[in-house]
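**Q** make a model of this:
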Amino acid sequence: MQRQQYIDGTEHLDISDTAAVAADFFENSQAEEVTITDGGLKPLGVLERQALARCRERLRSEYRISEVFDLSNDFKTVSTLEGVESMLMAAEKYTITVDEDGRFISLFTKKKLITEFYRKTNDTLLALLSLSSMISVVNTHQDAVFDWFRNKVQTPKDKKGLEGLRSELLPNILHKTLYGSPAEFVEVSHEGREYVVSTSQVSGRGWITGAIAIVFDTKEAIEIIRKINALQQTVEEVNTIIETSYDGFTIADGDGVVIRVNKSHERITGSKPENMVGKHVSALVEDGQLDDPVTLKVLSAKKTITMKQKVKNGKQIVVTGTPVFDKNGNIVRVVCNLRDTSEFEDLQNKLAQSEKKRNLYKTELEHLRRQQLQSGGIFQNSESWSNLLAKVDSVAEKDVPVLILGETGVGKEVVAKLIHNRGSRRNAPFIKINCSAIPAHLIESELFGYEEGAFTGAKKGGKMGLFEAAGGGTIFLDEIGELTPELQVKMLEVLQDNEIVRVGGRKPVRVDARFVFATNRNLKQMVEQGDFREDLYFRLYVFPIMIPPLRNREDEIEPLAEYFLDKFNEKYGYRKTIHKSLMKKIRDYSWPGNVRELENYIERLVISSAADVIVESLDVEALDVGEADEKGAAQAAQPQGGSVGRAERDGAYAGDGGGEFQELEELALKDALALAEKKLIELALAKGGSMAAAADRLGVDRTTILRKISKYNIAYTYSKYDNK
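**A** Below is the predicted model:
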């Protein structure tokens, strides 16, 4: 009697079948047991393969199964596998599922229950069960509920070794599993063989009822597990990508049946996934879900196809269908990517806006260097710098012209950037224009731009000027005193009307920008001499900021030097320091080139010095106090804030000890300057009565006077006013 192969325990024999039928069944299957039922399919017992060996002589007889074999009645029947954990820990050897009428459905051995248990909890171990050499199940008292050894691939010696492993090593591992944490994979050795053990807790109704140990006799299992885990991770990543994609996706099988639809598909098409999955794409056309399915075209052409489709909600979408082939060249999947064309139009509009901005920035970058400047690179806490920052903060948010005054190199651009970055236009461009650096015949076209054909060589379509390129930002016009009279007139018009006219054009263009100006020249004197327009001067002079020269901010020199030292150390990869003897020379130098000169000098020290501690300057003359004070002392002798008049200066040279100055011409220049500085300080101290008064008369800080007293060994009696 031919019977189908035993699969998943669903096969059964009737109690009235002969022993020959049972023998034929086991000969043609891999099963170790089969369920015996009565005429109504109700389970009566389980016939085990090993029973055949005890009754071999009667297998080909016409005796019935009930007359030849002792059936195992060690089973329980259940209607569902819910609570498989409790079945696993039950005393019965077999579990049989039955329908509501008690008719046989399937037979479960302990191993099969373990498989079902792992099907619910651990797919990786489920895949490895077929590779296991031994399975052991215990209850909470560690009494064996089930022990299984794989016989067909093991010698008696191997089985004996596994039995020794079961009795000697597993109890401790299972104890830790029951009362600690399960071991995912533990490598153990027993009698010279290597094993891998994985354990799991069995729990039911909220408490632990037992434990399972699965033993593998090769480390290859670990590699297989890793590959399975990697595959699972890849599948999860692909699923995440598909479901979180902004584009819609549909996946059909090789016959054109939809097997998957992601969430974005419904947003784009209006078709719900549950109305599509399981249907052929041609049926979706009939339902109105699709118009002209690309899937069918891909299946026919066997290549990637992109086309437009009309979908249920009336939208026109772009769909790209891509075939997936198996190793034999057959299409097994068609993956379709969907995108709303209206989104493309939005993207094109955004690209057009970006192109416009790019042209704006290109104009700026051709001429300027934008920098984000929050502190200006200056972080001094001196009184003069604090006062300057207070002025910056008071005007930064106000859209009024600012005029920055000061000598070359004092940091006018730094202050201009501070005004920009602390104001409401901080996120817009900062345009710097050096009026003395642009040739006179080009400056007008650079500032105002020009129309096509305005002059020979003009670009087609014209060109945007720097004033337009500011685009709501800040325009910093440095060296404003260098503007020609003609441009002064146009600049006045810009400030009055906030409009410009391109060269060769007629239509006014509005300028949305904040203006900051700077100069090292005396604009008032230029007005008096007729070199600068008075009306423009008053337009610029709304909010003037005077930056003192570095020689009048001596308490900032050393911190600035340290700042620049750190800056260039980082730039060139050094860790150099400046010796205190050299730092004293740096402090005593008057720096006629101001901050810029100091910065350049420190950079020269860093890149030129071979030692990590810079002791002597390679250009010692540059820091010779006498030579350095050639300009500093002369400027200190001139009026600063109106504190020292011409008569007082003349008296210092012609009277009040002026006899000593008659000898100056006989001295070396640097010695003469030092002597002049000493005498000026002595005179100021004598007339002022205190260091503060002398500093005020000479236009310097009190600390400068104190240092010079020590430097020149000036005889001076300190008074109570010196502590104020």
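**Q** buried stuff in stretch 310-326?
**A** With burial defined by 16 or more other C-beta atoms under 10 Å, the residues of stretch 310-326 counted as buried are 311-312, 317-321, 323. C-beta coordinates here come from the backbone N, C-alpha and C atoms, glycine included.
**Q** ah, wrong one, I meant stretch 464-474
**A** 464-471, 473-474.
**Q** nearest to residue 200 among the buried residues of stretch 310-326?
**A** Lowest distance from residue 200 to the buried residues of stretch 310-326 (C-beta to C-beta) belongs to residue 323, with 42.1 Å.
**Q** circling back: and the buried residues of stretch 464-474, which is closest to residue 331?
**A** residue 471 (54.1 Å).
**Q** so which of the buried residues of stretch 464-474 belong to helices?
**A** Members of the buried residues of stretch 464-474 lying in helices (criterion: DSSP state H): 466-469.
**Q** the stretch 301-450 of the chain: helices as residue ranges?
**A** 341-367, 383-396, 412-421, 440-448 (DSSP state H, counting those that start in this stretch).
**Q** and those helices as TSV, adding mean neighbour count, mean pLDDT and distance to residue 291?
**A** Shown next, in TSV, are those (neighbours: other C-beta atoms under 10 Å; pLDDT from 0 to 100; distance: least, C-beta to C-beta, whole Å):
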stretch	mean neighbour count	mean pLDDT	distance to residue 291
helix 341-367	12	67	14
helix 383-396	15	84	60
helix 412-421	23	91	55
helix 440-448	17	80	56
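**Q** of those helices, which is nearest residue 181?
**A** helix 341-367 (50.2 Å).
**Q** returning to that earlier point: can I get the buried residues of stretch 310-326 in a markdown table with pLDDT?
**A** Listed next are the buried residues of stretch 310-326 as a markdown table, based on pLDDT from 0 to 100:
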| residue | pLDDT |
| --- | --- |
| 311 | 74 |
| 312 | 72 |
| 317 | 81 |
| 318 | 86 |
| 319 | 89 |
| 320 | 91 |
| 321 | 92 |
| 323 | 93 |
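**Q** rewinding a little: turn the buried residues of stretch 464-474 into CSV, columns for pLDDT.
**A** Formatted as CSV, these follow (pLDDT from 0 to 100):
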residue, pLDDT
464, 81
465, 82
466, 85
467, 85
468, 83
469, 80
470, 81
471, 80
473, 90
474, 92
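**Q** between these, which is closest to residue 23?
**A** The closest of the buried residues of stretch 464-474, once distances to residue 23 are taken by C-beta to C-beta, is residue 471, at 94.6 Å.
**Q** so what's that closest one up against?
**A** 360, 428-429, 512-513 (C-beta atoms under 8 Å, 6 or more residues apart in numbering).
**Q** then residue 267?
**A** By C-beta under 8 Å, 6+ apart, the neighbours of residue 267 are residue 248.
**Q** what mean pLDDT does the host helix or strand of it get?
**A** Element membership of residue 267, judged by DSSP states H and E, is helix 263-269. Average pLDDT, helix 263-269: 83.
**Q** then stretch 593-601?
**A** Rounded mean pLDDT across stretch 593-601 is 90.
**Q** and it, how far from the chain's centre?
**A** In this view, stretch 593-601 has its centroid 38 Å away from the chain centroid, taken as C-alpha atoms, centre = their mean, to the nearest Å.
**Q** contacts for it next, please.
**A** Contacts of stretch 593-601 (C-beta under 8 Å, 6+ apart): 378, 407-411, 549-550, 557, 560-561, 564, 586, 591, 619, 622.
**Q** and the end-to-end length of stretch 447-460?
**A** End-to-end distance of stretch 447-460 (C-alpha to C-alpha, to the nearest Å): 18 Å.
**Q** and the next element down the chain from the helix or strand bottoming out on mean pLDDT in the chain?
**A** Across the helices and strands of the chain, mean pLDDT, DSSP states H and E gives its lowest value to helix 646-654, namely a mean of 35. Later in the chain than helix 646-654, the nearest helix or strand by DSSP H and E is helix 669-688.
**Q** okay, the angle between whichever helix or strand comes after that following helix and helix 669-688?
**A** Sequence order places helix 691-698 as the next helix or strand after helix 669-688, per DSSP H and E. Per axes from the mean of the first three to the mean of the last three C-alpha atoms, to 10 degrees, the angle that helix 691-698 makes with helix 669-688 is 120 degrees.
**Q** elements contacting helix 691-698?
**A** On a contact count with 3 or more C-beta pairs under 8 Å, 6 or more residues apart in numbering; DSSP states H and E, helix 691-698 meets helix 669-688, helix 702-711.
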